[in-house]
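1. need coordinates for the following:
(one chain, ligands or ions: 1)
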Amino acid sequence: MGNNAFGIDLGTSNIKIYNKGDDNVITEKNMIAIENKNTLFAYGNSAFEMYEKAPANIHISYPLSNGVIADIKNMQTLIKYFIGDLVKGNVKPADYYIAVPTDVTEVEKRAFYDLIKDANVKSRKIMVVEKAVADGLGMDIDVKNSQGVLVVNVGYDTTEISILSLGGIVLSRLIKVGGQKFDDAIRAAIRREFSLIIGGKTAENVKIALRDLEKAQRDAVVYGRDIVTGLPVEREIPTALVDESLKENFNTIIDNVKVILERTPPELAADIYKHGIYLTGGASQVSHLAELMSNGTGLKVQVSENPMTSVAMGLAKIIKEDNYKSVAYAIEGMSK
Ligand SMILES: Nc1ncnc2c1ncn2[C@@H]1O[C@H](COP(=O)(O)OP(=O)(O)OP(=O)(O)O)[C@@H](O)[C@H]1O
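-> Below you'll find the predicted structure:
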């Protein structure tokens, strides 16, 4: 069996892996729990379950930060375990296609390649794909023939804004705003208005539930600690407060989209105008972002059907169809 292949979208909060073996994408939390400084205690979704609840001798962390690998050793461990789980412990030589952000340094890009090479996963060939190109393919855009595609991927701690043309990236900007900043803004507003401290997961749940709460015209019910009394309490938070708290981050994203649009070569403007903005990434689903982006830019906004997995689905296409192989490339001067 010489055709094993995996496509990896290494997100800060979620890792998505396409496995050609079963033609499926899995999503796991990109998290590791280490006990007493050196023993692996838990990884992926089970590490996330313990987050904010674990005792002091268990250190839980994300090995990625702002879209780049911050903790190479733990990231290697995670890759080894995730791949091992996917193949039920029987790791065979395989090709790896890994998505990388465009607007990072060459050294940071190379780190993605080195990660796979050194993770003990029997990598045969390691190919790199610009994340926005994979995103485009995952959203069924004809990226190889289109001249002017604007993709905005709102992730956990970054948003990547890219202009694609004829299968390549013309402009790209990675900004440090994403779902985590949205959660922080919700926490800060609740603390300010209700003197209530809530956890990060609670804030995330409010953000995710926001659209449904608004539809049902219901407040968000949260549990937290009252700053004044120090006691745990339950409070009802109006959705209008949550909406208001998110505005500033939304504006930062929209302003950066406008900057990219201003810098876009005019020859590409026609296609961008025709198709509008392709919005994807887990945090792009947050209530009101799409409509505010459309209002702010004057362009229509197409919302991805699979915002969390569009990059991995694009990698799947590249792995399965020879027609798309040309968008993947090897890192120069790799030593194997
Ligand atoms: N329905 C939803 N509404 C709003 N936000 C959501 C929803 N579902 C997931 N999210 C948010 O999406 C974010 C994760 O998205 P994603 O998996 O695309 O990020 P990532 O790839 O890990 O991060 P990055 O791209 O920054 O490396 C989290 O902040 C999560 O709270």
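2. shaky segments in the stretch 151-300 of the chain?
-> Scanning the stretch 151-300 of the chain for pLDDT under 70 picks out nothing.
3. quick one: the spatially most central residue of the chain and the ligand, what's the gap?
-> Most central residue of the chain, judged by C-alpha distance to the mean C-alpha position with Cα atoms, centre = their mean, is residue 155 at 3.7 Å. As defined by Cβ to the nearest ligand atom, to the nearest Å, residue 155 lies at a distance of 2 Å from the ligand. (C-beta placed from N, C-alpha, C; glycine too.)
4. is the helix or strand containing residue 95 positioned near the ligand?
-> Residue 95 belongs to strand 94-100 when assigned by DSSP states H and E. No - remark: strand 94-100 sits outside contact range of the ligand, by Cβ under 6 Å from any ligand atom, the gap being at least 9.6 Å.
5. what packs against the very next helix or strand once past that strand?
-> Along the chain past strand 94-100, the next helix or strand (assigned with DSSP H and E) turns out to be helix 106-117. Using 3 or more Cβ pairs under 8 Å, 6 or more residues apart in numbering; DSSP states H and E as the contact definition, the elements that helix 106-117 packs against are strand 68-69, helix 72-86, strand 94-100, strand 123-130.
6. single out the most deeply packed of the ones you listed.
-> Taking mean count of other Cβ atoms under 10 Å as the contact definition, the stretch among the helices and strands packed on helix 106-117 with the greatest mean neighbour count is strand 94-100, which reaches a mean of 24.
7. pull the contacting residues for the residue nearest to the centre of the chain.
-> Contacts for residue 155 were tallied using Cβ atoms under 8 Å, 6 or more residues apart in numbering; they are 11-13, 67, 178-179, 281-283.
8. just to revisit the earlier point, elements contacting the strand holding residue 95?
-> strand 5-10, helix 106-117, strand 123-130, helix 131-138, helix 310-320.
9. right, so of the ones you listed, which gets closest to residue 248?
-> Ranking those by their distance to residue 248 (criterion: Cβ to Cβ) puts helix 131-138 first, at 25.0 Å.
10. what's the angle from that closest one to helix 310-320?
-> Relative orientation of helix 131-138 and helix 310-320, computed by axes from the mean of the first three to the mean of the last three Cα atoms, to 10 degrees: 80 degrees.
11. can you tell me the closest non-neighbouring residue to the closest residue to the ligand within the stretch 201-336 of the chain?
-> Per Cβ to the nearest ligand atom, residue 282 is where the stretch 201-336 of the chain lies closest to the ligand, at 2.2 Å. Closest residue to residue 282 in three dimensions, ignoring its sequence neighbours and counting by Cβ to Cβ, 6 or more residues apart in numbering: residue 308, at 4.6 Å.
12. run a quick neighbour tally on that neighbour.
-> In terms of burial, residue 308 registers 21 neighbours under the definition other Cβ atoms under 10 Å.
13. where does it land in three-state SS?
-> In the three-state summary, residue 308 is assigned as coil, counting by DSSP: H, G, I helix; E, B strand; the rest coil.
14. residue contacts, it?
-> Contact analysis of residue 308 by Cβ under 8 Å, 6+ apart lists 14, 16, 27, 281-282.
15. show me what from the chain comes close to the ligand.
-> By the rule Cβ under 6 Å from any ligand atom, the part of the chain lying against the ligand is 11-14, 67, 155-158, 178-180, 204, 207-208, 281-283, 285-286, 308.
16. in strands only, show me these.
-> Taking DSSP state E as the definition of strands, those contribute residue 14.
17. residue 21 and residue 83 touch, don't they?
-> No - between residue 21 and residue 83 no contact is recorded; they are 10.8 Å apart, counting by Cβ atoms under 8 Å.
18. what's stretch 318-334 in contact with?
-> Under the contact criterion Cβ under 8 Å, 6+ apart, stretch 318-334 has outside partners 5, 7, 18, 20, 23, 95, 97, 109-110, 113, 117, 125-130, 133-134, 137, 143-144, 167-168, 317.
19. any idea how far residue 130 is from the ligand?
-> 14 Å.
20. just the pLDDT at that residue, thanks.
-> Here the pLDDT value assigned to residue 130 is 96.
21. list the contacts for the closest residue to residue 188 other than its chain neighbours?
-> Nearest-residue entry for residue 188: residue 245, 6.9 Å, with adjacent residues in sequence omitted and distances by Cβ to Cβ, 6+ apart. The neighbourhood of residue 245, defined by Cβ under 8 Å, 6+ apart, consists of 185-186, 188-189.
22. out of the residues you listed, which is nearest to the ligand?
-> Comparing every one of the contacts of residue 245 with the ligand (Cβ to the nearest ligand atom), the shortest separation belongs to residue 186, at 10.7 Å.
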